[in-house]
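# everything below, folded, please.
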Amino acid sequence: MDIKVEQQGQESAVAVGTNGAKRSVFDPFQFRRPGRTVYHKTFTDPAQPGEVLELSLRKADTIDMALAAAEIQRMTAKYLTGDDDMPPGPFPLVGGEAIPVSIELFSQACAIYVMQAPPEESRQPRRWAPEQLVAVSVTMPDAWSQVLRAAEEIRRAGSRAEGNSTAPLTG
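So this is what the prediction gives:
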């Protein structure tokens, strides 16, 4: 279908198809991003008695997935493969010990990293960095398993229509 612009204003234009039908051409820069439900969740682990991991998570959208991919690439180059200019460096010690890391572990941490709601929508005191989330996976393994299950539940729940609200994660 060929479309030509008949007239153009500041906010929209009118397109005319080959069949003569007119329709509005919208300006996507004027749209607001769709709202996403924020799930506030706390996680504990017997390995770290008295410590609580608080996360405010929401379903990752396509922008988040692209940011996660970039973070995975950054971490992989920094800690596993190096790049043209530098060899890989050591991952920060966790509890004074070197830990084995992998792309799969980075993928999990980066997925959770981008699912964290921004501060204005969050109840958590801070946003955890991917490296910190890797450390959590090692020092709080039961809690980390719970985080991954919660993320999967949010992914499934997010496939339904959502409003711009906050709700506790159930289950």
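
# could you list the buried residues of stretch 97-116?
Residues of stretch 97-116 classed as buried by neighbour count (16 or more other Cβ atoms under 10 Å): 99, 101, 105-116. Where C-beta positions appear, they are placed from N, C-alpha and C, glycine not excepted.

# where does this structure have its least confident helix or strand?
Taking mean pLDDT, DSSP states H and E as the measure, the chain has strand 3-8 as its least confident helix or strand, at a mean of 46.

# going along the chain, name the strands of this structure.
For the chain, applying DSSP state E gives strands covering 3-8, 13-17, 22-25, 38-43, 53-57, 166-168.

# dead centre of the protein: give me the residue that sits there.
Centrality entry for the chain: nearest residue to the mean C-alpha point is residue 114, 2.2 Å, by Cα atoms, centre = their mean.

# pretty sure that one sits against residue 64.
Yes. Assessed by Cβ atoms under 8 Å, residue 114 is found in contact with residue 64 at 4.0 Å.

# could you pull out the helices for the chain?
Per DSSP state H, the chain carries helices over the ranges 62-76, 103-115, 130-139, 141-157.

# make CSV out of these and add distance to residue 84 and mean pLDDT.
Formatted as CSV, those follow (distance: least, Cβ to Cβ, whole Å; pLDDT from 0 to 100):
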stretch, distance to residue 84, mean pLDDT
helix 62-76, 14, 96
helix 103-115, 19, 97
helix 130-139, 22, 98
helix 141-157, 33, 96
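
# can you lay out those helices as TSV showing distance to residue 25?
TSV is the format used below for those (distance: least, Cβ to Cβ, whole Å):
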stretch	distance to residue 25
helix 62-76	22
helix 103-115	32
helix 130-139	40
helix 141-157	34
